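**Student:** no sequence for this one, just the structure:
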């Protein structure tokens, strides 16, 4: 019967489906369009008119030399390594710190729990820009300026991630943990063996947010780092900007270079990512 | 001019925390040892802004070597900062006391750091230096708002010709042999162009503070304590833009456009006139060859003096080796070294007499030389219109928004300029 229905619906196009596809197509153009344009720009050679009317998507003088130029001007492998080190600290810090804090706030009873949660909420409302100078003074006072740890430190346990995990832990039914208590499990065992496996998906989301946030951050690493050798990729790629005017092809090629590791990271974790999105806040 | 970053919110916060920091360190300057009379020696750090690349690195390395050879016992560490976020980096470093000894910056940043006491008043520390530079370059680094101190050794200058796309002039019924030379002609031809062509316009950006100066408005009062560009000339300038906008001679996008958008419009062949700089010609040649084939150049359009931009080298007020820092800043901005840099970077020297070098006076028939020689003449008349206390984020943005409101008819031109002046006056008063 379902086969019959499928055949029928293929013949008669439902208006709903049309709207659906139009919306999907529009979203694709909106989200992927700029990226495709950057890629096309990065592949254009000197013979291409960048400002042609109407804009050309397919390069007439395609070349890979822009990527070669990026690699020649900027020590990309070194900066990728620096960025990975920072991202490693940030992801690890958030996965461990935010999970532990989220669990404590959601499931342990202690004095000041409500206050602690409120402080994390309020912390989220403060724009980074207003505290970035005092943050810088702090990092300097513990002699971490111009180090990768100094770059990672302020975002190693982010308030948003703590709240995400707090909510995830809060949604686990009490019965589950009560059963574990009856079996004689202590707080650590209940945390690691019973509760953490329930929120794996959210932890993955947190890991991805932390990675992408740290990978794309520009202003903070710029302030903390002062020697070329320590630059992260986003700061280092800024070197592609010309002193007086820019070559848009080169900047586009740099953007693509910076994007590749994120795409790799995402494709490794995407299975977990979607599972995390589905489970987030709905479970229980 | 270097590209200005558009990180508005942040810049304001920085200024605030800077002035707080300045209050704390009671009497900031004077902390440095040695002063201008101290002995030259030891290690200093010299910071440039986005000048470390294959084109300029050899120049700076040679410069550092030459200085170290001239003054044995000195070491100069050259560091460079990326293009974006420079103002923020400077403010954070000044607040934390980690500013390098000699730093490359424009008057706007120097004004902020000067008002916080983070950088040296050169007129006080090294009064003899004044005669080494063009008067107006020295004046541009002398800030009335900060008690008349001079806060940086003038370095390079930049201004440029007007660029016209002659193909668009022909297409829209204008004579490419009769290009506009005054603001009146420019507005008149812009109106004609708006009537004859739908997707082409003469201008693509609202007037900015430099435009007011070039048009003949008085930007600030005599002692630099209040803005005054809401005078008759200022109103007349904005009225002309309003008339142009109402006659379809100015697109709606132009209300939001920044200088980079303007350049893009010109490269895309939708804009007929562009106020260029000395490197615009090379830029067009490399990225928009079709447009390059059709351009004509003329002197910068101005009722008063044409505009120019200045870059300077400031000395950290708490530098441990101030004498060396001063010696190095003077070395980089000396006539000989500025001439060398001007040749590398197609900019213009601010040192006295350097513009008389044959490099800036003798033509050899190529378009590049022609631009250089005529622009060098223009530098002779040009003025740095941008008031150093005028912030690129808060003040310039408010001015643009107010003019946009006036053009849209939401407020009168006079009211819009009054509001913008009031905003900037309040900022100015709060900063002192």
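**Tutor:** Good, I have the coordinates. In this text, all values refer to a predicted model and were calculated from it rather than measured experimentally.

**Student:** ok, which stretches of the stretch 1-150 of chain A are strands?
**Tutor:** Using DSSP state E, counting those that start in this stretch, the stretch 1-150 of chain A contains no strands.

**Student:** kindly report the residues of it close to chain B.
**Tutor:** The interface of the stretch 1-150 of chain A toward chain B, taken as CB under 8 Å from any CB of the partner chain, is made up of A:46, A:49-51, A:53, A:73, A:127, A:129-130, A:132-134, A:136-137, A:140, A:145. In this view, the C-beta of every residue, glycine as well, is placed from N, C-alpha and C.

**Student:** and the least confident of the residues you listed?
**Tutor:** For those, the least confident position by pLDDT is residue A:53, scoring 69.

**Student:** domain map for the chain?
**Tutor:** Assuming you mean chain A. Per the record's domain assignment (automatic domain parsing), chain A is made up of the domains A:2-63, A:75-279.

**Student:** oops, wrong one, chain B.
**Tutor:** Annotated domains of chain B cover B:30-158+B:308-375, B:162-306+B:388-431 [automatic domain parsing].

**Student:** determine the longest helix present in chain A.
**Tutor:** Ranked by number of residues, the top helix in chain A under DSSP state H is helix A:248-279.

**Student:** is any residue of it near chain B?
**Tutor:** Yes - contact of helix A:248-279 with chain B (CB under 8 Å from any CB) involves residue A:248.

**Student:** that older thread, so which of the residues of the stretch 1-150 of chain A next to chain B are in helices?
**Tutor:** Counting by DSSP H, the residues of the stretch 1-150 of chain A next to chain B contribute A:73, A:129, A:130, A:132, A:133, A:134, A:136, A:137, A:140 to helices.

**Student:** where's the second one relative to residue B:394, distance?
**Tutor:** Applying CB to CB, to the nearest Å, the value for residue A:129 to residue B:394 is 14 Å.

**Student:** next up, the contacts around the residue lying closest to residue B:295 once chain neighbours are set aside.
**Tutor:** Spatial nearest neighbour of residue B:295, excluding adjacent residues (CB to CB, 6 or more residues apart in numbering or on different chains): residue B:163 at 5.4 Å. Contacts of residue B:163 were listed using CB atoms under 8 Å, 6 or more residues apart in numbering or on different chains, and they are B:266, B:273, B:274, B:275, B:276, B:280, B:281, B:284, B:295, B:296, B:297.

**Student:** in ChimeraX, how would I select the buried members of these?
**Tutor:** Typed into ChimeraX, the line below selects the buried ones among those, using 16 or more other CB atoms under 10 Å in any protein chain shown:
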select /B:266,273,274,275,276,280,281,284,295,297
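
**Student:** which residues touch the nearest residue to residue B:121 once chain neighbours are set aside?
**Tutor:** If you skip the residues right next to it in sequence, residue B:121 has residue B:149 as its closest partner in space, 3.7 Å away by CB to CB, 6+ apart. By CB under 8 Å, 6+ apart, the contact set of residue B:149 is B:114, B:121, B:122, B:123, B:124, B:142, B:143.

**Student:** narrow those residues to those in helices?
**Tutor:** Under the assignment DSSP H, the contacts of residue B:149 contribute B:114, B:122, B:123, B:124 to helices.

**Student:** bridged to the nearest residue to the last one once chain neighbours are set aside, which residues?
**Tutor:** It refers to residue B:124. Nearest residue to residue B:124 in three dimensions, chain neighbours excluded: residue B:149, at 6.5 Å (CB to CB, 6+ apart). With DSSP bridges as the criterion, residue B:149 is bridged to residue B:143.

**Student:** returning to that earlier point: out of the ones in helices among the residues of the stretch 1-150 of chain A next to chain B, which are buried?
**Tutor:** Listed as buried from those are A:73, A:129, A:132, A:133, A:136, A:137, A:140; burial here means 16+ other CB under 10 Å.

**Student:** tell me which two in those are the farthest apart.
**Tutor:** Using CB to CB, these reach their maximum pairwise distance at A:73 and A:137, which is 33.1 Å.

**Student:** returning to what we had before: give me the pLDDT value at the residue nearest to residue B:121.
**Tutor:** Residue B:149 is given a pLDDT of 92.

**Student:** any idea how far it is from residue B:117?
**Tutor:** Counting by CB to CB - residue B:149 and residue B:117 are separated by 10 Å.

**Student:** quick one, helices of the stretch 151-300 of chain B?
**Tutor:** Taking DSSP state H, counting those that start in this stretch as the test, the helices found in the stretch 151-300 of chain B are B:166-171, B:183-196, B:209-215, B:232-246, B:259-267, B:280-287, B:289-292.

**Student:** what sits against residue 199?
**Tutor:** The chain I'm using is chain A. For residue A:199, the contacting residues are A:99, A:165, A:168, A:169, A:172, A:279, by CB under 8 Å, 6+ apart.

**Student:** wrong chain, I was asking about chain B
**Tutor:** In this structure, residue B:199 makes contact with residue B:270, judged by CB under 8 Å, 6+ apart.

**Student:** next one: the one 5 residues further on
**Tutor:** With CB under 8 Å, 6+ apart as the criterion, the residues that contact residue B:204 are B:250, B:251, B:253, B:254, B:257, B:261, B:262, B:265, B:266, B:270, B:271.

**Student:** report the two of these separated the most.
**Tutor:** In terms of CB to CB, those reach their longest pairwise distance at B:250 and B:266, which sit 14.8 Å apart.

**Student:** quick one: low-confidence residue ranges for chain B.
**Tutor:** Applying pLDDT under 70 to chain B flags residues B:1-37, B:432.

**Student:** can you do 80?
**Tutor:** Across chain B, the stretches falling below the confidence threshold (pLDDT under 80) are B:1-38, B:278, B:431-432.

**Student:** mind listing the strands for it?
**Tutor:** All strands of chain B, identified by DSSP state E, fall at B:42-49, B:74-81, B:102-105, B:142-143, B:149-150, B:153-158, B:162-165, B:273-275, B:295-298, B:309-315, B:348-349.

**Student:** looking at those strands, spot the one closest to residue B:374.
**Tutor:** Shortest separation from residue B:374 across the strands of chain B is recorded for strand B:295-298, at 7.7 Å, computed as CB to CB.

**Student:** so what touches the closest one?
**Tutor:** Applying CB under 8 Å, 6+ apart, the external contacts of strand B:295-298 come out as B:161-166, B:176, B:179-181, B:276, B:281, B:284, B:370-371, B:374.

**Student:** so which of the contacts of residue B:163 is the closest to residue B:320?
**Tutor:** residue B:280 (41.4 Å).

**Student:** returning to that earlier point: which two among the contacts of residue B:149 are spaced furthest apart?
**Tutor:** Spanning the widest gap among the contacts of residue B:149 are B:124 and B:143, at 12.7 Å by CB to CB.

**Student:** for those two, indicate the residue with more neighbours.
**Tutor:** For residue B:124 and residue B:143, the more surrounded residue by other CB atoms under 10 Å in any protein chain shown is residue B:143, and the numbers stand at 23 against 11.

**Student:** show me the contacts for the residue nearest to residue B:307 when sequence neighbours are not counted.
**Tutor:** When the adjacent residues along the chain are set aside, residue B:307 lies closest to residue B:210, with 4.3 Å between them (CB to CB, 6+ apart). Counting by CB under 8 Å, 6+ apart, residue B:210 makes contact with B:307, B:385, B:386.

**Student:** what do you get for residue B:308?
**Tutor:** Contact criterion CB under 8 Å, 6+ apart gives B:157, B:158, B:159, B:348, B:378, B:379, B:382, B:383, B:384 as the residues in contact with residue B:308.

**Student:** got it, and residue B:134?
**Tutor:** For residue B:134, the contact set (CB under 8 Å, 6+ apart) comprises B:154, B:350, B:351, B:352, B:355.
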